[in-house]
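Novice: sequence unavailable; structure follows:
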């Protein structure tokens, strides 16, 4: 499948442009770290190339919002953010 994907124009976008598209999608579809919605992260499930591009851009993972500091996704997102400045907003449920 990877070889076939390379022939489709959307899969031939340069990584920098693809990452920029992911950033725009992340603005309109942020993930909810409480597990209710993956938001833009579903884009990383399209193909290996898209996943590698997203994982390679730490700033995509640096905006962390959620209901609790006990969430299991927070450490993973912090790790994926690499050296990007973090923005963390955690709310305790009522």
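Specialist: Nice, thanks for sending it over. These numbers were taken from a predicted model, which means no experiment stands behind them.
Novice: any weak-confidence spans in this structure?
Specialist: 1-6, 33-35, 68-70, 93-94 (pLDDT under 70).
Novice: show me where it has strands.
Specialist: 63-66, 87-90 (DSSP state E).
Novice: among those, which is the most enclosed?
Specialist: strand 63-66 (a mean of 18; mean count of other C-beta atoms under 10 Å). For glycine as for every other residue, the C-beta is placed from the backbone atoms N, C-alpha and C.
Novice: who are the packing partners of it?
Specialist: Packed against strand 63-66, as judged by 3 or more C-beta pairs under 8 Å, 6 or more residues apart in numbering; DSSP states H and E, are the following elements: helix 73-80, strand 87-90.
Novice: with residue 9 as the reference, measure out to residue 62.
Specialist: 30 Å (C-beta to C-beta, to the nearest Å).
Novice: of those two, who's got more company?
Specialist: More neighbours surround residue 62 than the other of residue 62 and residue 9, with 18 against 6 (other C-beta atoms under 10 Å).
Novice: geometric centre of the protein: which residue is closest?
Specialist: residue 41 (4.3 Å; C-alpha atoms, centre = their mean).
Novice: surely it and residue 32 touch.
Specialist: No: Residue 41 is not in contact with residue 32 according to C-beta atoms under 8 Å; the separation is 10.1 Å.
Novice: picking that back up, measure the residue nearest to the centre of the chain to residue 9 for me?
Specialist: As judged by C-beta to C-beta, residue 41 and residue 9 stand 23 Å apart.
Novice: could you dump the helices and strands packed on strand 63-66 into TSV with distance to residue 16 added?
Specialist: Formatted as TSV, these follow (distance: least, C-beta to C-beta, whole Å):
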stretch	distance to residue 16
helix 73-80	18
strand 87-90	22
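Novice: what is the lengthiest helix in the chain packed up against?
Specialist: Counting residues, the longest helix found in the chain (DSSP state H) is helix 15-28. Where contact means 3+ C-beta pairs under 8 Å, 6+ apart, helix 15-28 is packed against helix 48-56.
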